[in-house]
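> Turn this into a model:
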Amino acid sequence: MKKLLMFIMCLLSFTILIGCNDINPVITTQGTTQTNSTITDQTSTSRTADVITTQTTTEINAITMTLNPGVDTVEVYSEFTDVGALAIYESSNLDVTVIENTVDTDVVGIYIIRYQAVYGALVNEIFRVVFVIDSTKPEMQLNPGIDTIKIGETWIDMGITVTDNYDTELTYSTEGSVDTNTVGTYIITYTVIDSSQNQSTITRMVNVIE
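Purely as a prediction, here's the structure:
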């Protein structure tokens, strides 16, 4: 009887062991395959998107442009030399094109030069400001006149002659007066200002004698 019971118990244990081994591999295998596949697909998509975004941002800002050193403030009627700009993409120099240049050295003013560099779909621009100025003072000369007179005589102011490198219309003023009835030395000051506020002065001395 004891031997029969032991045989039955061994048979049941063997059956249960076989059943467990048949079920576990299926569940484990299917779960791992599905989970790994999903994670792999999501990771791959996510990484691809990140790389594209990073490259796009870097490439947009990759063309570096700088102005070459030069003289950007020039005297009216003088020669201006455009020294251009430098464009670099990564470690390569790019061609730079002038797409706008309004500089006119015959007219006082502020002007713009725009430079552009292109690499594929990337475009970058930089601009230079050029000042055309008039820093030359008007030239003045006393007109000949009788500037030493006797008391009681009439003095005639013969004025001045003015030339300017740029302006044709100038602001002109005279300061001082002559008392022909009083002996003394008198000073007449002439002042001329052009449109760029360049100022020149000259003086005339008038002597009233007995």
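
> Now do the same contact list for Pro144.
Met158 (CB atoms under 8 Å, 6 or more residues apart in numbering). The way it works is simple: take the backbone N, C-alpha and C, and place the C-beta from them, glycine included.

> Next, it: secondary structure please.
coil (DSSP: H, G, I helix; E, B strand; the rest coil).

> Report pLDDT for Glu169.
Per-residue confidence at Glu169 stands at 87 (pLDDT).

> For it, which residues are in contact?
Neighbours of Glu169 in contact, by CB under 8 Å, 6+ apart: Ser195.

> helix/strand/coil for it?
coil.

> any idea how far it lies from Asp104?
20 Å (CB to CB, to the nearest Å).

> For Ala85, list each beta-bridge partner.
Leu67 (DSSP bridges).

> just the helices in this protein please.
Per DSSP state H, the chain carries helices over the ranges 2-60.

> per-domain residue ranges of it.
Using automatic domain parsing, the domain parsing of the chain gives 63-133, 139-209.

> which intervals of the chain have sub-threshold pLDDT?
Within the chain, the segments meeting pLDDT under 70 span 1-61.

> Report the spatially nearest residue to the residue most central in space within the chain, omitting neighbours in sequence.
The centroid of the chain falls nearest to Phe127 when counting by CA atoms, centre = their mean (5.4 Å). In space, and not counting its chain neighbours, Phe127 is closest to Arg114: 4.7 Å by CB to CB, 6 or more residues apart in numbering.

> Quick check: bridge partners of the one you found?
Residues in beta-bridge contact with Arg114 (DSSP bridges): Glu100, Phe127.

> Please identify the buried residues of stretch 124-144?
124-126, 128, 130, 132-134, 136-138, 140, 142 (16 or more other CB atoms under 10 Å).

> and which of those is nearest to Ser195?
Nearest to Ser195 among the buried residues of stretch 124-144, counting by CB to CB, is Asp134 at 7.5 Å.

> how far away is that closest one from Thr201?
18 Å.

> Contact partners for Asp167?
Asp167 touches Asp134, Pro138, Asp194, Ser195, Ser196, counting by CB under 8 Å, 6+ apart.

> Okay then, goodbye and thanks.
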